[in-house]
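>>> Sequence first, then the predicted structure:
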Amino acid sequence: MTSHLMSEGSRWERSKAAHFRAQLTAPTLTFLMEAHNGLSARVVEDAGFEGIWASGLSISAALGVRDRNEASWTQVLDVLEFMADATSIPILVDGDTGYGDFNNFRRFVKKLCQRQIAAVCIEDKLFPKINSFLNGSQSLAAIEEFCGKIKAGKDSQTNPDFSIIARVEALIAGYGLDEALKRAEAYHAAGADGILIHSKKSTAEEILHFAAAWKKRAPLLIAPTMYYLTPTDHYRQTGISMCIWANHNLRAALAAMRDVSGRIYREQGLVGVEEHIASISDVFDIAGEAELTAAAKRYLPGQRRTVKAVVLAASRGSQLSTLTADRPKCMLDVRGEPLLRRLVRSLTGAGVRGVTVVAGYCPEAISLPEIEKLINDAYATTGEAASLACAEHKLSGECILSYGDILFRDYILSELLQTPGNIVLAVDSTAPESDVKRSSDLVHCTLPHSRHYLDDKVVELCSISTALTRNKICGEWIGLARLSAQGAAMVRTELTAMRTDGTLATASLPDLFNRLVARGSPPRIAYITGHWLDVNDAFGLARARNFL
Ligand code: SPV
Ligand code: MG
């Protein structure tokens with residue numbers, strides 16, 4: 001195949017195979033580490049290895065079958081595809097005996113090239129093979145037949161850099177050095193790119209004798225599973241090209257899984273194992289969540305921002321009487337779900353990531369998996385600004401600020417996210433005509449709501465208070481605000497100033513916004529018309545039930 005006809009995939013295929021071939025023919029010793037699925041392959045690459053041994057024993061064991069060609073070649077191919085997709089280093093596949101005769105092998109080779117596999121190793125035994133360390137018949141293939149298989153493979157590879165390693169099993173089958181050398185010579189002459197000489201002895205003696213007699217006629221590979229005591233430098237000195245650590249990830253995983261399963265079974269709990277196992281975020285990391293986040297920023301316009309949220313949910317809601325005897329009002333049940341869960345779902349549904357809830361009254365009653373909880377211990381004697389100050393370290397970057405007792409239609413949050421400004425307050429302009437509640441955060445703004453769809457005049461806050469003269473009221477703040485990164489910094493600065501001048505403990509969020517107005521940094525207004533509610537009393541709770 002000429003290079004201009006190669007697909008995008010083929011060019012990458014070629015580079016992994018070329019990398020392997022360069023390692024194979026280099027005068028230095030390269031190490032290949034065993035992997036048996038996408039995860040373990042990624043672990044191998046992350047550890048720093050330059051190549052992977054896709055072990056037949058390990059892949060079989062991970063699939064729950066014996067290393068006797070019980071897994072079909074297409075099943076193995078599927079595993080290899082995951083491994084190749086998960087990594088960028090070359091993979092040498094343990095191809096057993098090639099899954100049949102020369103014809104089966106050449107089809108296998110073509111498929112491996114398509115799957116970006118760099119090289120395959122086939123052993124000179126008979127199908128179905130058995131693992132070299134099992135007692136039982138290790139019948140060798142006829143030399144001529146095996147040479148034909150190697151030739152067929154070399155003639156079929158669609159990537160010129162793909163390598164075929166011939167594995168000599170003469171020592172495993174109990175033949176001597178001469179038979180091993182004769183076979184290696186024949187396989188090399190048939191076109192093998194390298195020779196894997198295998199041994200089940202507990203010392204490296206026969207391997208080192210073979211290497212000395214072989215005299216680097218072709219690259220030599222070994223898998224010192226049984227003769228693991230031999231210092232690695234001996235292989236270097238003997239001119240061995242590749243050393244395969246053949247099954248150690250599978251064995252490590254087996255021991256660890258047994259240990260953790262046994263312990264959880266015995267202890268009927270997770271406390272004992274938690275600190276000994278990988279964290280969930282570790283699992284997300286190795287699966288590549290970070291790459292997806294970065295890609296989403298490139299490709300999804302709606303996800304270019306990372307917006308966090310701080311929800312203030314410290315108060316009991318004393319007007320709710322016994323309903324909040326054992327929980328804060330944000331945890332009141334509204335049609336089968338706590339208010340706060342609905343709020344958090346609205347936030348995450350709009351793309352907000354990282355919701356921090358500041359609790360106070362009955363903090364233990366606030367338990368939602370997708371939030372981070374902070375506690376304002378002094379909630380009984382302090383106000384909203386003090387609760388916000390508990391989450392001060394979260395006020396960096398873009399941030400939604402919300403009361404914990406509100407519900408709103410989703411479009412209101414989208415509207416808020418789209419309104420430019422450093423600090424933007426969602427203000428309901430319908431409230432003054434309907435039911436202005438005693439405790440409402442009423443706002444006076446630079447302009448009333450024009451209600452013209454295309455009106456994009458900038459409206460800013462003049463003042464916010466529970467007591468405004470009627471002619472000044474432009475609406476009610478619904479308890480939802482957006483802070484840009486700069487807005488978050490402004491709020492942090494103001495909280496510090498309030499702490500310094502002693503007003504922080506008792507201040508409300510409206511107090512904070514009024515201070516920003518006084519400083520010449522008034523929050524901006526995003527007008528809305530209804531479609532939200534807050535829960536202050538039993539009436540509010542009933543409205544919440546109807547709202548849904
Ligand atoms: C494998 O890893 O499947 C091998 C090497 O073939 S060994 O098990 O050591 O024979
Ligand atoms: Mg094998």
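Done, it's in. Ligands and ions are numbered 1, 2, ... in the order given.

>>> Can you show me the helices along the stretch 1-150 of the chain?
In the stretch 1-150 of the chain, helices defined by DSSP state H, counting those that start in this stretch lie at 8-25, 38-47, 56-63, 73-86, 102-114, 143-156, listed in chain order.

>>> again, but for the stretch 351-500 of the chain
Counting by DSSP H, counting those that start in this stretch, the helices of the stretch 351-500 of the chain are 384-390, 410-418, 485-501.

>>> what's the first one packed up against?
In other words, helix 384-390. Contacting helix 384-390 under the criterion 3 or more Cβ pairs under 8 Å, 6 or more residues apart in numbering; DSSP states H and E are the following elements: strand 307-313, strand 352-359, helix 485-501, helix 509-518. Where C-beta positions appear, they are placed from N, C-alpha and C, glycine not excepted.

>>> now these as JSON lines including mean neighbour count?
Listed next are the helices and strands packed on helix 384-390 as JSON lines, based on neighbours: other Cβ atoms under 10 Å:
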{"stretch": "strand 307-313", "mean neighbour count": "26"}
{"stretch": "strand 352-359", "mean neighbour count": "22"}
{"stretch": "helix 485-501", "mean neighbour count": "17"}
{"stretch": "helix 509-518", "mean neighbour count": "19"}
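
>>> can you tell which of the ones you listed is closest to ligand 1?
Closest approach to ligand 1 among the helices and strands packed on helix 384-390 (Cβ to the nearest ligand atom): strand 352-359, 42.5 Å.

>>> Kindly format the C-alpha coordinates of that closest one as PDB.
Below are the C-alpha coordinates for strand 352-359, written out as PDB (Å, rounded to 0.1, in the frame of the first residue of the first chain):
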ATOM      1  CA  VAL A 352     -23.200  24.500  37.100                       C
ATOM      2  CA  ARG A 353     -20.500  22.300  38.600                       C
ATOM      3  CA  GLY A 354     -19.400  22.200  42.200                       C
ATOM      4  CA  VAL A 355     -22.300  23.200  44.400                       C
ATOM      5  CA  THR A 356     -21.400  24.300  48.000                       C
ATOM      6  CA  VAL A 357     -24.200  24.400  50.500                       C
ATOM      7  CA  VAL A 358     -23.700  26.400  53.700                       C
ATOM      8  CA  ALA A 359     -25.700  24.700  56.400                       C
END
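
>>> Report the angle between it and strand 307-313.
The directions of strand 352-359 and strand 307-313 differ by 20 degrees, with axes from the mean of the first three to the mean of the last three Cα atoms, to 10 degrees as the criterion.

>>> what pairs with strand 352-359, and is each one parallel or antiparallel?
Strands flanking strand 352-359 in the sheet, each with its direction: strand 307-313 (parallel), strand 371-375 (parallel) (DSSP bridges).

>>> how about the residues of this protein near ligand 2?
Counting by Cβ under 5 Å from the ion, the chain comes close to ligand 2 at Gly56, Leu57, Asp94.

>>> what about the last one, how many neighbours?
Looking back up the chat, that one is Asp94. When counting by other Cβ atoms under 10 Å, one arrives at 25 neighbours for Asp94.

>>> State the number of residues packed around the nearest residue to it once chain neighbours are set aside.
Sequence neighbours aside, Gly56 is the residue nearest to Asp94 in space, at 4.0 Å (criterion: Cβ to Cβ, 6 or more residues apart in numbering). If you count neighbours by other Cβ under 10 Å, Gly56 ends up with 25.

>>> OK, contacts around Gly56?
With contacts defined as Cβ atoms under 8 Å, 6 or more residues apart in numbering, Gly56 is in contact with Asp67, Val76, Asp94, Gly95, Asp96, Asn131.

>>> Just put the strands paired with strand 352-359 in TSV and tack on mean pLDDT.
Formatted as TSV, the entries for the strands paired with strand 352-359 read as follows, by pLDDT from 0 to 100:
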stretch	mean pLDDT
strand 307-313	95
strand 371-375	93
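
>>> mind giving me CSV with these and columns for distance to ligand 1?
Output for the strands paired with strand 352-359, formatted as CSV (distance: least, Cβ to the nearest ligand atom, whole Å):
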stretch, distance to ligand 1
strand 307-313, 48
strand 371-375, 45
